[in-house]
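1. my questions concern the predicted model and sequence given below.
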Amino acid sequence: MLNPEVAVFFLTVLPQFVKTGADAIQQLIIMGLVYTVLSIPWFFVYAFFINYILGQLNNENRHT
């Protein structure tokens, strides 16, 4: 929420997928929730692999 680039992305990309004549706010909230539900697991997987790689690099440095 504090990153202005993300706000610009949401303000420019998401509205083009809103159906006209329907409840636009509800559609935008659902799209935001879907994005959040998909992003959180991805960031956990990303952090896990970065931590794993960092551990491997630290173990390699200790043996040399």
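-> Looks like it came in fine.
2. now do the longest helix seen in the chain: distance to the chain's middle.
-> For the chain, the helix with the greatest residue count under DSSP state H is helix 24-63. Between the centre of helix 24-63 and the centre of its host chain there is 7 Å, according to C-alpha atoms, centre = their mean, to the nearest Å.
3. what is it packed up against?
-> Counting contacts by 3 or more C-beta pairs under 8 Å, 6 or more residues apart in numbering; DSSP states H and E, helix 24-63 packs against no other helix or strand. In short, each C-beta sits where N, CA and C put it, glycine included.
4. pull out the buried residues from it.
-> The neighbour-count check on helix 24-63 (16 or more other C-beta atoms under 10 Å) flags 28, 31 as buried.
5. so which residue is smack in the middle of this structure?
-> Geometric centre of the chain, nearest residue: S39, 3.5 Å, by C-alpha atoms, centre = their mean.
6. if I look at it, how far off is L28?
-> S39 sits 16 Å away from L28, going by C-beta to C-beta, to the nearest Å.
7. again, but for A47
-> Distance from A47 to L28, by C-beta to C-beta: 28 Å.
8. got it, and F48?
-> F48 sits 31 Å away from L28, going by C-beta to C-beta.
9. for F49, same thing?
-> From F49 to L28 the distance is 32 Å (C-beta to C-beta).
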